[in-house]
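Peer 1: Fold the following and give me the result.
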Amino acid sequence: MSKNDEPAVGIPYAANYQAPVPPHHHQYYVGENPYQAGAIPPNAVVDDPKGIPLQQTIFRDTPAPFNCVYCGNTGVTTVRSKLSLAAIVGCMMPMMLGVCFLCPSMDCLWHKYHYCPSCTEKVANFEKSDPCIVMDPPHWTQQSFALPA
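Peer 2: Residues are numbered from 1 along each chain as shown. So this is what the prediction gives:
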């Protein structure tokens, strides 16, 4: 290596290094649980389980099939909505003019709290903390479901 080939001081060797792009970079990689990302499995229970033992419930925007840990009731949750940051941001975006997410009829971007209809205990929260969801109408309302045991 001659004196002229030495790298300039302060610039790391890898300054021009480019990370390899994975072959399927246009596909989103989803971690262990694709269901959190929005996919609903074909065997999912979406309404009253009617005695089907449930392994796990994914609580989202809609009433969810569940087994109450407080009173043992099986059925679907009662959902109550609470204003979220995403809803407030949605109202302030110019292209959303005329669509106000602050009114209860547009509560798709609100936090959802799931309660047991029998004992009225809160069994789950589904909080919408991502204001970017405003730009993604298909994800405004996500269906709750449960996986049979």
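
Peer 1: shaky segments in the protein?
Peer 2: Counting by pLDDT under 70, the chain has low-confidence residues at 1-38, 94-105, 133-134.

Peer 1: And the strands in it?
Peer 2: 54-58, 65-67, 74-76, 78-82, 111-115, 122-126, 145-148 (DSSP state E).

Peer 1: Just name the most buried of those.
Peer 2: With neighbours taken as mean count of other C-beta atoms under 10 Å, those reach their highest mean count in strand 65-67, at a mean of 22. Heads up, the C-betas are built off the backbone N, CA and C, glycines and all.

Peer 1: what pairs with that one, and is each one parallel or antiparallel?
Peer 2: Paired strands of strand 65-67, with direction, are strand 74-76 (antiparallel) (DSSP bridges).

Peer 1: I'd like the strands of the chain as TSV, with distance to A39 appended.
Peer 2: What follows is the strands of the chain, written out as TSV (distance: least, C-beta to C-beta, whole Å):
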stretch	distance to A39
strand 54-58	10
strand 65-67	17
strand 74-76	21
strand 78-82	21
strand 111-115	19
strand 122-126	16
strand 145-148	10
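
Peer 1: who wins for proximity to N43 among those?
Peer 2: strand 145-148 (6.0 Å; C-beta to C-beta).

Peer 1: right, and the strands of the chain - which one's nearest A44?
Peer 2: strand 145-148 (4.0 Å).
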